[in-house]
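A.B. asks: Provided below for reference: sequence and predicted model.
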Amino acid sequence: MRGVLTGDRYVWQKKRLNRTFSALKENKLAAVGLIIISVLVLMAVFAPLITLRDPYEQNLEIRLTGSNEKYLMGTDQFGRCLFSRLIYGIRISLTTGVISAVLTMGIGVFTGLLAGYFGGIMDELIMRITDIVLSFPSIVLTLVIAGVLGPDLKNIIIALAAVGWTKYARVVRGSVLSIKEQEYVESAKALGASDIYLLCRHILPNCMGPVIVIMTLSIGGAILSIAGLSFLGLGAQPPTPEWGMMLNQGVPFMRRAPHLTIFPGLAIMITVLAFNFLGDGLRDIMDPRLKSKLFQKF
Amino acid sequence: MGYLLNIENLETSFNTGDGVVKAVNGVDLVIEEGEIMGLVGETGCGKSVLGLSIMGLLPTNAEVKGTIAYKGLNLTGLPEKEIRKIRGKEIALIPQNPSTSLNPVLKIGFQVAEVFHLQQRLPWKKARQAAIEMLRSFDFPDPGKRAEEYPHQLSGGMKQRVLAAMGIAGEPSLLIADEPTKGLDALIRIQVVEILRQLVLRTSATMLLITHDLKVASCLCDKIAVMYAGEIIETGPTRDILSLPRHPYTRGLIASLPSNGLVPVRGLSPSLIELPAGCKFHPRCNQAAKDCAQKHPRLEIVDDGCKVRCLFNDQNCKPEKKLFHGSFQKEAG
Amino acid sequence: MGLVGESGCGKSTLGRMMLRLLEPTEGKVYLDRVDLMALGLGELQRTRSKMQIIFQHPESALNPRMKIYESIMEPMQIQQVYNSRREERKKAYELIDLVGLNKEHLNRYPHELSGGQIQRAVLARILSLKPCFIVADEPTSMLDVSVQAQVLNLLKDIQKMFNIAYLFISHDLEVVCWMSDRTAIMYKGDIVEIGPSKTVYDNPRHPYTRMLVKAFSQLGQENKYGTMLKDDYKKGTVPDHASGCSFYSRCPQASMGCEKKPELRHIKEGHFVACHEIKDEQFRGTYEEDILRRAADFRPFLERYLDEYLEEAVKND
Amino acid sequence: MLRYLLRRILMLVPILLGVTLITFSTMHLAPGDPAELILRGRLGGADPPRQAVEELREEMGLNIPFYVQYGKWLKKVIQGDLGNSFRTGRPVLTELLSRFPATLELALLSTLISLGIAVPVGIISAVKRNSFLDIFSMIGALLGVSMPNFWLALLLMMFFSLKLGLLPVAGYGGFRYLVLPAVTLGTGMAAMVARLMRSSMLEIISQDYILTAKAKGLPYYRVITGHALKNALIPVVTYVGLQLGWALEGAVIVESIFARPGIGRYLHESVFARDFPAIQGCVLFFALVFVFSNLIVDISYAYLNPRIRYEKGME
């Protein structure tokens, strides 16, 4: 009997997975995003195989050359291979982006759950704090925190998390409040379930949909912010091959070597775009309102 | 009296991700001038879609085939611009859900006046006056003040009245009331029935009442058409349908009313994507025979004004005890 | 036991309060001689297996991310009724059979089932704990008539099979009268009439109940040109007295005396009405009258009554 | 309505307190002793003598408890005294005021540009859903959202200033100097607003009351302009407040690139110089502008949405 059931279960899960995939297939933008991200990840992992040169290797004799057969994208002001630096830059941007997004989400979801589920003073307190944090334009606060802590990638991640968690906390709180009213939660309560059980089994899984969407979108946002702050000189320090910083260093040579400005920016945009594609697509797939709306018409 | 609306072989389907939903499958329906036709059916049988098909208000993924002849004019092929002239002026809709069918950011007076302005070409000032008069006639206390209010300040019954007022403001010849009593308590339901009755008395309009509630239909309608899985399965004068239902589904529907002992119809309504072959009702029918699974019965005239879609309509004509009565009767189980 | 009232009159609140899903501001609820309001959290969680609730909206009654069999087995896991998964599963199959679903439904998600099927699954899930008391909060108001009849019949069969006490909440007087032995009518948070279902329906005494019954009988009749209930609708023209009869503002028979809150009075075998205008000559002095004298508010009375009722049900179990 | 406003204004009090508290504590976030850091800055990185640090600590009031420091600081701030800049020694308030016009004109012009583009594009996209125009503009919007604005700024500079020589590269002066920064900021914002406008409009179009309006026989354009638009604008208006915040945020980067003497650039410089009074002044300024623009937005939101006028709270 067990075998039968698990067998069935397997089939159903497979069907469900297939459905998500087919939804992805239909949503072309999301699929494109996913493909770009996969390619980027592969490139980051196999960076040494793809690039021919060490991203740190300087060769002052061939400074600021344009693209040629030896250097795909030319060289920078120290004669380093721009292409290698960009590829290694993927590692930095992706890891910092993902780490800061996950960290931010963790804090936000936790506080949001607390506020939404327990309500009362806890809710009041957390929501007032989010109100206050949200009263600052977020880059300004991030800039100041990161700047005061000292220019370092790690500090930027901390600053981003310290400011960004409020977004999740609000969303999670909102969905917890509505899920809490759902009858299945009430009936589980009537069955004698404990708070932790309710939270883990019923509430958390049902409010993760929007969270995942926001997280996908905010990985893109985090990459943008990190690049921006690095551009302002607050993040990665030379000679790290970080895109924002590379852009910054290219500015003085804008007239002579525009490729130093164009390519890193392009790299940032493509990466962020991929996450935005995916996030948008996920939102369309997951948004139950859209589906039920279609259904109501019959 | 001539035919006001003559629907022939109407088919409406939707293309969705899960397949083609055939909401209306070859419906023939005739509405004569001045009568109240009740379209009765359960959730998902396509009755609301039928109403929207007449108005040409379906979403873009819908496909409509067949003819809807209104005063001899076929509405199905009509371009949007032409059909707009019909809407509101000739055929008006009283939409399903009063709480979401009024625009939340516009004053109700304006929403009613808009119809006067548009359909009767009244200047705004006069249209407003007319709107207030209209509200007054629907028993609105202090209509001048009420007209300045927003929908969320009104009770459900009042919103329903505003919608009714909007419906008849254009002096239409045909009113389509889509599920006016859905999800309402008995007392409010009676109020709504009362509103509709007033409407009919006042305008002498023809009405198509779409409802799932046999009781509401029975106290308002001259004729009833019962719909199941996108088809009309039985139609005729209200009294005949209720006292002598011929189709097994109609009988089941009547028997499952609480006042008739809640005798259920077994099974579930079929999905409109995969309809059963043959008679659409046969999987749930107690009297289903072999033929029912293959032959698709036609809507045949059985009696004066009555039509039934069942292979066995003749044998089934035995009048059982009067099934429908108003008072509560307790049964043993 | 049936409970009837308009939407927003507080009947669902009462139902939820009985299970202590909502905390009442005052008053007590007894189940099997145990005061539920005084229970600690742990005890409460254990006691909850005896009383269960069925909700109105099938679309939100089950966790959309859990398959039906997970939902059905969940209560057994929470209350640890069985020791092994196998026993739980066996029980789940039994229950599924009992409520008229089949095995293939078990592996579906709630959105793949119809409203009627979901209510069946909810029932199966609840029955797994062998409750002695079920609050059914409008379980069929969102269903079609033919399906409503199926579910109601099922509920009734199960009641007979397991001898469970129901509190059946609905706004549909006819359904309640058909389902229940005794019916209580609620208006704006107060019980205005309570008695055997047949008596209440055929011989309503409270003006509000009369209005309801009249409404239901008139809905079935064909009277195209009559005006119905026109006179009875002086809705909300008189301000409510906070302390007075809750029906005062809509009551056709309201008089000066109605400014005081009426008590539920015993007028006939098991039939109680809260109205000043009913001066029944057959007033009986039974032991319940004694309770009534002591009961200034209706609530302790109702609780007491329910308590006895439940006690009986438990004894029979 | 009045109660809503009062509530909304009362809610400002704890928020402003929190904002000032965070602003004040930025100084204490820095690893190490602020006094030491400052002196080290003055001495060009050399270790300051112990006694000088102690003196400065005394002078800055660092030896008294934190909350007393905060109270003193707050009192001064309310009186309009933001302290003197470590770098220039001039009062921070004067510095801020002198830089304010540059930032303001940038924020206003870019907001104007973004709304001017985004609202019509969003509406048309929603109404003509899945048309070529819709797909085109939505991909464009996604590009706009994903594009780093500092990169866009550099590209614009490269093309219009260096290559075509149409506009000045950087600096501050007349309208010609404003164009590129405003376009840079406006494009990013326009992309976001257009997406929001479209989704909000789509949501509204599927509502029941739009069906009612169509059933009245209204022409489609009047359904959209008369019935849908006002509803669809409600979330967009809320957003404009946030947007102004973005304009200010963007100002930090854009002003730095285009060398505009605005508050954003001042903040950037101050962060690098660890000029704490100046940092605090800038942060406070940004937060206040943001808080009050949100207040104005909420008021107009209440004006647009009749439900708010009678109900309490909003989310």
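C.D. replies: Thanks, I have it.
A.B. asks: list the contacts of the residue lying closest to B:Arg298 once chain neighbours are set aside.
C.D. replies: Nearest residue to B:Arg298, sequence neighbours excluded (CB to CB, 6 or more residues apart in numbering or on different chains): B:Arg309, at 6.6 Å. Using the backbone N, CA and C atoms, a C-beta is placed for each residue, glycine as well. Taking CB atoms under 8 Å, 6 or more residues apart in numbering or on different chains, we find B:Arg309 in contact with B:Glu231, B:Ile232, B:Ile233, B:Glu234, B:His247, B:Cys279, B:Pro297, B:Arg298, B:Leu299, B:Glu300.
A.B. asks: quick check: B:Arg309 vs B:Met227, distance?
C.D. replies: B:Arg309 sits 10 Å away from B:Met227, going by CB to CB, to the nearest Å.
A.B. asks: anything in contact with each of those two?
C.D. replies: With CB under 8 Å, 6+ apart as the test, B:Arg309 and B:Met227 both reach B:Ile233.
A.B. asks: what residue is smack in the middle of the chain?
C.D. replies: Since you didn't name a chain, this refers to chain A. A:Ile219 (1.3 Å; CA atoms, centre = their mean).
A.B. asks: actually it's chain D I care about, not the one you picked
C.D. replies: D:Gly245 (1.8 Å).
A.B. asks: among the contacts of B:Arg309, name the buried ones.
C.D. replies: Using 16 or more other CB atoms under 10 Å in any protein chain shown as the burial test, these include B:Glu231, B:Ile232, B:Ile233, B:Glu234, B:His247, B:Cys279, B:Pro297, B:Leu299 as buried.
A.B. asks: if I read this right, the first one contacts B:Phe281, doesn't it?
C.D. replies: What that stands for is B:Glu231. No. Using CB atoms under 8 Å, B:Glu231 is not in contact with B:Phe281, being 9.0 Å away.
A.B. asks: tell me which residue in the stretch 151-300 of chain B sits closest to chain D.
C.D. replies: Across the stretch 151-300 of chain B, no residue is closer to chain D than B:His152, which sits at 5.2 Å (CB to the nearest CB).
A.B. asks: quick check: residues of chain C near chain A?
C.D. replies: By the rule CB under 8 Å from any CB of the partner chain, the part of chain C lying against chain A is C:16, C:19, C:21, C:44-49, C:51-53, C:55-57, C:60-65, C:67, C:69, C:71, C:74-75, C:78-79, C:86, C:89, C:106-108, C:122, C:125-126, C:129.
A.B. asks: got a list of contacts for stretch C:119-127?
C.D. replies: A:187, C:52-55, C:58, C:61-62, C:68, C:71-72, C:74-75, C:92, C:95-96, C:98-101, C:105, C:110, C:113, C:134, C:139-140, C:143, C:151, C:154-155, C:158, C:162.
A.B. asks: next, the closest residue to B:Glu42 other than its chain neighbours: phi, psi?
C.D. replies: For B:Glu42, ignoring the flanking residues on the chain, the nearest one in space by CB to CB, 6+ apart is C:Asp144 at 4.0 Å. Main-chain torsions, C:Asp144, degrees, to the nearest 10: phi -70, psi 160.
A.B. asks: C:Asp144 and B:Gly41, how far apart?
C.D. replies: 9 Å.
A.B. asks: ChimeraX command for the buried members of the residues of chain C next to chain A?
C.D. replies: Entered in ChimeraX, the line below selects the buried ones among these, by 16+ other CB under 10 Å:
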select /C:16,19,21,45,47,48,49,51,52,53,55,56,57,60,61,62,63,67,69,71,74,75,78,79,89,106,107,108,122,125,126,129
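A.B. asks: flag every buried residue along the helix or strand encompassing A:Ser230.
C.D. replies: Using DSSP states H and E, A:Ser230 maps to helix A:204-231. Neighbour-count burial for helix A:204-231, counted by 16+ other CB under 10 Å, picks out A:204, A:206-211, A:213-231.
A.B. asks: repeat for stretch A:88-96
C.D. replies: Buried residues in stretch A:88-96 (16+ other CB under 10 Å): A:Tyr88, A:Gly89, A:Ile90, A:Arg91, A:Ile92, A:Ser93, A:Leu94, A:Thr96.
A.B. asks: burial of A:Arg80, as a residue count?
C.D. replies: 24 (other CB atoms under 10 Å in any protein chain shown).
A.B. asks: apart from its neighbours in sequence, what residue is nearest it?
C.D. replies: Here the residue nearest A:Arg80, using CB to CB, 6+ apart, is A:Gln58, at 5.7 Å.
A.B. asks: can you count the residues close to B:Gln96?
C.D. replies: 22.
A.B. asks: wait, it sits on B:Gly51?
C.D. replies: No. The pair B:Gln96 / B:Gly51 is not scored as a contact, 9.0 Å apart, by CB under 8 Å.
A.B. asks: can you pull the residues that touch both of these two?
C.D. replies: Between them, B:Gln96 and B:Gly51 share the contacting residues B:Asp178, judged by CB under 8 Å, 6+ apart.
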